[in-house]
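**Q** Structure of the sequence below:
(2 chains)
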Amino acid sequence: MLGWEFKETTPKQAIRVNAMNVKGSNVVERLESLGFKLKKIPFLENGYWIEESKFSAGATIEYLLGYYSIQEAAAQIPATLFSDLRGKRVLDACAAPGGKTVQLADLMQNTGFIVALDVNRLRLNALANQLERCRVKNTVVYRLDARKASKLGLKFDRILLDVPCSGNFATDKQWFERRTIDDVERNARLQREILAEAAKILEEDGELVYATCSLEPEENEFNIDWAVKKLKLKVAEIKCYGEEAPTKVFNKQLDNSIKNCRRIWPGETQGFFVCKLTKE
Amino acid sequence: MAERIKNFAKRFDAQISLDWGLVARKGNKFFYLHQNLKSLVEKNRRYYYAGLPLGKVKHGKFFPSFPLLFMTVEKAKNRIVVDDKAAWLFICGRDIFKEGVMQVEGSREKGSYTLIFNKHGECLGFGRIRQNLDRVKKGVAVENVLDIGDFLRREKHQRLNAAQF
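**A** Numbers count the residues shown, from 1 in each chain, chains lettered A, B, ... in the order given. Modelled structure (predicted):
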């Protein structure tokens, strides 16, 4: 059952403290002294909601020094679902503009390496800018379509697929005017191609986290059901904010393990879907 | 490249020691590779960005990156600490007025390069002394050459470029 009360929401702006850069400096206290009112996000270790601010969170010295990143609360969840990232070979397959890449580097404490991919040159500039600002050392960026990631000739211990998606109508007021079911289906096909490529280059004991900010079952539960059946991936149990994903959608019965995925309904956060996959 | 980097550090009366085997060139850009990235980058040379950027050469001139600037911080002798207002104006691309200077270390001579710090001891960029700091009473003391506000200006530029598509 997917039904729930429809209401327009505006997710609160959130920041994530980059632990690797703030050693000895209390960035929260400093922001509060500048007039920011912050509230700890209960389900995230380094996340804070901005309740009130006199000016943009992207225009402080602390931001420019890479002490924190502006990152929506739900978007901070996927990187935290991996177990033990230190020293690992990590692929961020759809990386730009780089919020999650920086978060991965932070969780890895700049050990191991991250290969970050994206196709759009302008978005790659934004990604490079983030990496430089946050002083990330362990990342290499390639202009490469995630569907061709195996061309790199590498295998990965951890793969993050924050795939291109249709977004959702709770945060985009023109969503219904700008999207058709064909767009959703096209995105779902693209996402499956990315999933299939990622499954090829995931180590046998590796972990893959799949995330979208879409609420469409075609881009979420149906794709994961497909990955379980066709790619022989397994949906691992995760403990995170959000509700169990439904296993019956549009009268279609899905694999029971789909309940291990999490749906995050828009409210305090944007709408989001996330799950962790492993090889059988 | 090593010479350019060493010369840049010398501007602040600092010496820099890098593992030059980890410096990679990509077009006109230079990167300092994390040990784990070296073999990866050698295998797949068509990378866009890797490790820490050191700077780029344009029209024969070397433009340092912020990571390179931060690498020189510990050893640099030329440094100026400025007050909050001057720090804010500096990251907005403005020069530093004598009134905002709280502390000076190293060279005070006109033409010298100096790192600019806020009261938390954080490097915000660098500038060039415009008037001898012992003699100047008011007005511009240090000309802004590079400040961390550049990240914002780049983001704005990228947004404008994206909007044109």
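**Q** What segments of the stretch 51-200 of chain A are strands?
**A** Along the stretch 51-200 of chain A, the stretches classed as strands by DSSP state E, counting those that start in this stretch are A:68-70, A:89-92, A:113-118, A:139-143, A:156-162.
**Q** do the same with chain B
**A** B:23-26, B:29-32, B:47-50, B:52-58, B:61-64, B:79-82, B:96-97, B:101-105, B:113-117, B:123-129, B:140-147 (DSSP state E).
**Q** which one of those strands lies closest to chain A?
**A** strand B:47-50 (4.1 Å; Cβ to the nearest Cβ). C-beta here means a position set from N, CA and C on the backbone, and glycine is covered the same way.
**Q** ranking the strands of the stretch 51-200 of chain A by burial, who's on top?
**A** strand A:113-118 (a mean of 27; mean count of other Cβ atoms under 10 Å in any protein chain shown).
**Q** What parts of chain B come near chain A?
**A** B:34, B:36-37, B:40-41, B:43-44, B:46-53, B:65-67, B:70, B:87-88, B:91, B:118, B:120, B:122, B:124, B:148-149, B:151-152, B:154-155, B:158, B:161-162, B:165 (Cβ under 8 Å from any Cβ of the partner chain).
**Q** Let me see the mean pLDDT of the strand ranked longest in chain A.
**A** Determined from DSSP E, the single longest strand within chain A is strand A:202-212. If you average the pLDDT over strand A:202-212, you get 98.
**Q** Could you do stretch B:66-83 as well?
**A** 93.
**Q** Ok, stretch A:154-168 next?
**A** The model assigns stretch A:154-168 a mean pLDDT of 94.
**Q** Now do the end-to-end distance for it.
**A** 34 Å (Cα to Cα, to the nearest Å).
**Q** Off-centre distance for that stretch?
**A** 8 Å (Cα atoms, centre = their mean, to the nearest Å).
**Q** One more: stretch A:56-67?
**A** 22 Å.
**Q** cool, stretch A:257-275 as well?
**A** For stretch A:257-275, the distance to the chain centre is 11 Å (Cα atoms, centre = their mean).
**Q** Could you give me the buried positions within it?
**A** Across stretch A:257-275, burial judged by 16 or more other Cβ atoms under 10 Å in any protein chain shown covers A:257-266, A:268-275.
**Q** With stretch B:49-61 instead?
**A** Quick answer for stretch B:49-61 (16+ other Cβ under 10 Å): B:49, B:50, B:51, B:52, B:53, B:54, B:55.
**Q** Need the winner for burial among the strands of chain B.
**A** It is strand B:113-117: most buried of the strands of chain B by mean count of other Cβ under 10 Å, with a mean of 24.
**Q** Neighbouring strands - and their directions - for it?
**A** strand B:79-82 (parallel), strand B:123-129 (antiparallel) (DSSP bridges).
**Q** Pipe the ones you listed into JSON lines and attach distance to residue A:181 per row.
**A** Below are these laid out as JSON lines (distance: least, Cβ to Cβ, whole Å):
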{"stretch": "strand B:79-82", "distance to residue A:181": "58"}
{"stretch": "strand B:123-129", "distance to residue A:181": "51"}
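**Q** Which among these is found nearest to residue B:5?
**A** If you check each of the strands paired with strand B:113-117 against residue B:5 by Cβ to Cβ, strand B:123-129 wins as the nearest, at 14.6 Å.
**Q** What lies in contact with the closest one?
**A** A:61, B:11-12, B:69-70, B:73, B:80, B:87, B:90-91, B:95-96, B:107-118, B:141-150 (Cβ atoms under 8 Å, 6 or more residues apart in numbering or on different chains).
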